[in-house]
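Undergrad: Below is the sequence, then the predicted model.
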Amino acid sequence: MIIRGEKVNLRPVEPADLERMVAWSQDPELAEYTEGNYPCSMEEAASWLQRVRSDRHNKRWSIVTKQGLLIGDIELDQIAWRGAHAELRICIGEKAYWNQGLGTDAVRAVVAHAFENMSLEQVYLRVFADNARAVRCYLKAGFRKEGRIERRDPAGRPRQVLLMRVLRSEYLRSGYPSEQGEPGTDSLRQTAS
């Protein structure tokens, strides 16, 4: 299933994506925030992809430009089907595509999919408080700050982590257009500008 955003499309992860994902796992700047969420070598990539595809509590998509170029990935993890909530994670691995609104578009598309097609009631996330780019993205996509905790990053340093969430009721009140492009009041978009 392809999820269409305004600027990007989301499609299932394909074996051809794995080489780029392995490269992202070896980028120190990305590793600062991704916490080892990718296969570290091509030798483990096939089994990693098999685990991702078979996990009913995880849905992961590759983020591709409208021209089909792989630039990142996004997932709903820890999906609690009975509790109707999931944790969101995103990475734009291709740095040339940072600061263009592509991550925000991908997050909005997944949130719409989660509420409209998966019957989830809440999508939440954790983000390092010093990751200003990501925090801006999540706020633009309708997430609200819920709390703050301290935890150790992959290098063992203490860092502040923001807890953020968006509820289905907030999403519906916002009038934000669905992934099918149905018109809404566009209030979320206006408040995000």
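TA: Perfect, thanks for sending it. Model, not experiment: these values are computed from the prediction. Numbers count the residues shown, from 1 in each chain.
Undergrad: For the rest of this, base every contact and every neighbour count on C-alpha atoms.
TA: OK.
Undergrad: For Leu163, give its distance to Arg157.
TA: Computed with CA to CA, to the nearest Å, the distance linking Leu163 and Arg157 is 18 Å.
Undergrad: And the strands in the protein?
TA: With DSSP state E as the criterion, the chain has strands at 3-4, 8-12, 59-65, 70-80, 85-92, 122-128, 144-152, 158-167.
Undergrad: Leu163 and Arg157 - which one has more neighbours?
TA: Using other CA atoms under 10 Å as the criterion, Leu163 and Arg157 rank with Leu163 on top: 18 against 9.
Undergrad: For the more buried one, which residues are in contact?
TA: Applying CA atoms under 8 Å, 6 or more residues apart in numbering to Leu163 gives the contacts Tyr124, Leu125, Arg126, Val127, Lys145, Glu146, Gly147, Arg148, Ile149.
Undergrad: Give me the residue at the spatial middle of the chain.
TA: Ile90 (3.0 Å; CA atoms, centre = their mean).
Undergrad: Which strands or helices does the longest helix seen in the chain pack on?
TA: Assignment by DSSP state H gives helix 102-116 as the longest helix of the chain. Packing partners of helix 102-116 (3 or more CA pairs under 8 Å, 6 or more residues apart in numbering; DSSP states H and E): strand 3-4, strand 8-12, strand 85-92, strand 122-128, helix 132-140.
Undergrad: how distant is the shortest one from the center of its chain?
TA: Relative to the mean C-alpha coordinate of its chain, strand 3-4 is positioned 13 Å out (CA atoms, centre = their mean, to the nearest Å).
Undergrad: What pairs with it, parallel or antiparallel?
TA: Using DSSP bridges, strand 3-4 pairs in its sheet with strand 8-12 (antiparallel).
Undergrad: can you list contacts of the partner strand?
TA: By CA under 8 Å, 6+ apart, the residues outside strand 8-12 that reach it are 1-4, 60-66, 102, 105-106.
Undergrad: distance between it and the chain's centre?
TA: Distance of strand 8-12 from the chain centroid (CA atoms, centre = their mean) equals 11 Å.
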